[in-house]
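Novice: Mind looking at a prediction? Sequence and model below.
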Amino acid sequence: MKIKSFVKRFFKKYHGFNFVCGLVICGIIFLAAFIAVFHTPYGSTEMNASLKFASPSFAHIFGCDNYGRDIFSRVLEGIRNTFFIALTTVFIGTFAGIVIGAGCGYYGGRLDHVLMRVNDALFAFPSVLLALVIISLLGPSSFNVTIALGIAFIPSFARIVRSEYKKQAALDYVQSAKLMGAGDLRIIFVHILPNILPVLMSSVMIGFNNAVLAEAGLSYLGIGVQPPNASLGRMLSEAQSYIFTAPWYALFPGLMIIIMVLGFSLLSEGISENS
Amino acid sequence: MLLEVKDLTIEFHDHDSPEKVVKDVDFSLDKGEILGIVGESGSGKSMTAMAIAGLLPRKKLKTFGSIFFERKDLLKIPRSELRGLQGDEISVIFQEPMTALNPTMKIGKQVEESLFIHHKDMSDGDRKKVALKWLENVEMDDPARVYDAYPHELSGGMRQRVMIAAAMVSEPKLLIADEPTTALDVTVQAEIIKLLLKINELSKVAVLFISHDLSLIRQISHNVMVMQNGVIVEKGDTDMIFESPKEEYTKRLIAAIPEVRL
C-alpha cells in the first residue's frame, strides 16, 4: 500500500517525455548490465579463429572481432564494467561531496574558505587529467580508475552541495529547527538534505554521464579496464585499426556509449524540469 | 519570576566602531503573563527577543548584562544546556509562516520535532497523540488530515497555527512570538490573537509578544513595554499605558493609531 502510493506520487511528480524516455533507456541499460553479471551468450574472452571479423549474423548479432570473439557478449560485459565503474565513481563523489559540501555550506567560516580554495584548485584541472595523475601514481587497473575518477568527481559535487546548503541554511525553517533544539547533524541530514535532493539527483545523473565518458576515455587510452576484459572505450580503441574491414566492431560499442549518455542526460533533464 | 532581563546591552561588532542596538534593557516576566513589546523598526525589540531565544550569532555580537530564565543566565550557560531549553522550555513563533515550515517534512513530524528531540523516551504513538491534541487545540478542522499533509497544502493562517502547535507541543514555559501576525491578513490576525489568548489560558505559558501594531498589543497583552532606539521608553500595565501615557513618544504612537469612523 505504502509502496503503491509512493510509486503513484513519484510518477505524478516526474512525468514528461524526457523523463520517461530516459527512464526506459536507463532501465534497459541497467537490465543489460545486471544480466551480464550472470550470463552472456558467449564467453566474452572466448576466441574462435574461424569467426575472425565475422559480420553480424543471427548467431552473432553484433559480429565478431579480430580474435573471433562475439562482440555482443563483449558489449554486454563492457556495459557492465562501465556501469559499475560509473556507479561507484558517482557514489564516492556524491558521498564525499555531501559530507564536505554540507560541512562547508552549513558551518561556513574558516574551514569553508580553506576547503573551497582546495576545491577550486582541484576544479581547475579537467577531471580526466586529475584521474590520469592519480592513476599514474596508483598504476592502471579498473579498481584504481574507480578510485581516481571518484576523487576527481568530488569537487563538482562538493561545490553544488555547498551552495545549496548555504541557501537552505538561511531559511526560516532551519532557524526554527535550531530553536526547537535540534542538533547540527539532525539539521544537516534530516531537515536540509531532503530539500536539496532534487538538485542533487539531477547533478548525480550528469555526474554519471561524465563518469561514463571519462571511463570510456581512460579505457580508450589503455589505462582503465585491462585486457582481456571488455570495456566500451577499450573496444573502440582496438576497433580503430579495423574500421574499414570490420566497421561493426567500432559501431556497436560507440553506439552503446552514446545511448548510455543519452539515457542519463534525458533522465537528468527530466528530473530538473519536473522539480 | 520566570524571566528576568537585567541591563541587557547588545553591540554589533561588524563595523569599525561598535554599534549599540539594545541599551540597558531591564524587564521581567511572570509565569502566565503576556508582555507586549512595541516599537518601530530598528527599536531593538526583535534583537531583545532573539537574545532571549538564544538565536543571536555569538561571533559578530557582544552581549552584556544577564537574562535569567528560572535563575539560569541564558547568556552564560553552555551551548548544550541552552539547546536543552530551546524548544522544550522556550519556544519561538516566527513572522513568516510561509517559510518557517520545512517543505519536505510532513506537518505531523514537524509538530512532533521538539518532542522527538527533548523527550526521546516517548513512544511514537504517544508523540502522535500529543501532536494531534495540539493540532486540535489550535483549532484545526481536521487534525488527522493535517497531520499527514505537507506545508504547501495549507494556507498562511493554517501554517501559523501549525507553528503555534509545534511551539506548544512540549508545553514550554515561555513563548516568544516575534510579529506572528504581520504576514497575515486582518481577519486571520484576529483569529491568531484569540488563539494565543486561549493557549495562554490553557497552559499558563508566558508570552512575549512583539509587534509594531499597537491595537494588537492592546488586545493581547497584560503589560506593555515601549521601545525606541534600543531603549525602553515606558513600561507598565496595558490599560494604564494606553489611557494615560506619560512619555511623549508613547503619546505620539497612540495618537497614530488610525481610528475607524463609520
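Specialist: Looks like it came in fine.
Novice: Using the three-state scheme, assign residue A:230.
Specialist: Per DSSP: H, G, I helix; E, B strand; the rest coil, the secondary structure class of residue A:230 is coil.
Novice: Is it in contact with residue A:77, as I believe?
Specialist: Yes. Contact criterion C-beta atoms under 8 Å: residue A:230 and residue A:77 qualify, at 4.2 Å. All C-beta spots, glycine's among them, are computed from the backbone N, C-alpha and C.
Novice: and these two? which has more neighbours close in?
Specialist: Ranked by neighbour count (other C-beta atoms under 10 Å in any protein chain shown), residue A:230 and residue A:77 place residue A:230 first, with 28 against 24.
Novice: so how far is chain B from that one?
Specialist: 42 Å (C-beta to the nearest C-beta, to the nearest Å).
Novice: Let me know the pLDDT of the closest residue to chain A within the stretch 1-150 of chain B.
Specialist: Closest contact between the stretch 1-150 of chain B and chain A, by C-beta to the nearest C-beta, is at residue B:87 (3.4 Å). On pLDDT, residue B:87 comes in at 83.
Novice: How many residues are close by the closest residue to it other than its chain neighbours?
Specialist: Of all residues not flanking residue B:87 in the chain, residue A:180 sits nearest, at 3.4 Å (C-beta to C-beta, 6 or more residues apart in numbering or on different chains). Around residue A:180 there are 26 other residues, counting by other C-beta under 10 Å.
Novice: swap in residue B:45?
Specialist: Look at residue B:45: counted by other C-beta under 10 Å, it has 28 neighbours.
Novice: same thing with residue B:81?
Specialist: By other C-beta under 10 Å, 12 other residues sit near residue B:81.
Novice: Show me what the helix or strand harbouring it is in contact with.
Specialist: Following DSSP states H and E, the helix or strand that holds residue B:81 is helix B:79-85. Helix B:79-85 is contacted from outside by A:181, A:183, B:54, B:69, B:72, B:74, B:118, using C-beta atoms under 8 Å, 6 or more residues apart in numbering or on different chains.
Novice: Pull the distance from the following helix or strand past it to the chain's centre.
Specialist: Next helix or strand after helix B:79-85 toward the C-terminus (DSSP H and E): strand B:90-93. Its chain's C-alpha centre and that of strand B:90-93 lie 6 Å apart, by C-alpha atoms, centre = their mean, to the nearest Å.
Novice: swap in stretch A:184-194?
Specialist: On C-alpha atoms, centre = their mean, the centre of stretch A:184-194 falls 26 Å from the chain's centre.
Novice: So which bits of it are buried?
Specialist: Within stretch A:184-194, the residues scored as buried using 16 or more other C-beta atoms under 10 Å in any protein chain shown are A:186-188, A:190-193.
Novice: Quick one: the strands in the stretch 101-250 of chain B, in order.
Specialist: B:174-178, B:206-211, B:223-228, B:231-237 (DSSP state E, counting those that start in this stretch).
Novice: returning to what we had before: mark which of the contacts of helix B:79-85 are part of helices, please.
Specialist: residue B:118 (DSSP state H).
Novice: what's the closest of the contacts of helix B:79-85 to residue B:205?
Specialist: Relative to residue B:205, the closest of those is residue B:69; by C-beta to C-beta it sits at 13.4 Å.
Novice: what is residue B:177 paired to in the beta sheet?
Specialist: Counting by DSSP bridges, residue B:177 forms beta bridges with residue B:93, residue B:209.
Novice: For the stretch 1-150 of chain B, which residues are neighbours of chain A?
Specialist: B:53-55, B:83-88, B:91-92, B:94, B:96, B:99-105, B:113-114, B:117-118 (C-beta under 8 Å from any C-beta of the partner chain).
Novice: Kindly indicate which of the contacts of helix B:79-85 lies nearest residue B:221.
Specialist: Using C-beta to C-beta, residue B:69 comes nearest to residue B:221 of those, at 19.5 Å.
Novice: and the nearest residue to residue A:45 once chain neighbours are set aside, backbone torsions?
Specialist: With C-beta to C-beta, 6+ apart as the criterion, residue A:45 has its nearest non-adjacent residue at 4.5 Å, and that residue is residue A:228. When read as degrees, to the nearest 10, the backbone of residue A:228 gives phi -90, psi 0.
Novice: Likewise for residue B:75?
Specialist: Torsion angles, degrees, to the nearest 10, at residue B:75: phi -80, psi -10.
Novice: ditto for residue A:47
Specialist: Dihedral angles (degrees, to the nearest 10) for residue A:47: phi -100, psi 150.
Novice: got a pLDDT number for it?
Specialist: 71.
Novice: Excluding covalently adjacent residues, which one is nearest to it?
Specialist: residue A:67 is the one closest to residue A:47 (C-beta to C-beta, 6+ apart), at 4.5 Å.
Novice: Tell me the secondary structure at that neighbour.
Specialist: Applying three-state DSSP to residue A:67 yields a three-state assignment of coil.
Novice: Now the stretch 51-200 of chain A against chain B: closest residue?
Specialist: Across the stretch 51-200 of chain A, the shortest distance to chain B (C-beta to the nearest C-beta) belongs to residue A:180, at 3.4 Å.
Novice: So that residue sits against residue B:169, correct?
Specialist: No. With contacts counted by C-beta under 8 Å, residue A:180 stays clear of residue B:169, the gap being 9.4 Å.
Novice: Show me whatever sits in contact with both of these two.
Specialist: Residues touching both residue A:180 and residue B:169 (C-beta under 8 Å, 6+ apart): residue B:114.
Novice: hmm, stretch A:14-24 touching chain B?
Specialist: No. With C-beta under 8 Å from any C-beta as the criterion, chain B is not reached by stretch A:14-24; the gap is at least 15.5 Å.
Novice: The chain: helices as residue ranges?
Specialist: Using chain A here. Under DSSP H, chain A gives helices at A:2-13, A:17-38, A:71-107, A:109-124, A:127-138, A:142-169, A:172-179, A:184-186, A:193-220, A:232-239, A:247-274.
Novice: should've been chain B
Specialist: Counting by DSSP H, the helices of chain B are B:45-53, B:79-85, B:107-118, B:124-137, B:143-147, B:156-168, B:186-203, B:214-220, B:238-243, B:248-255.
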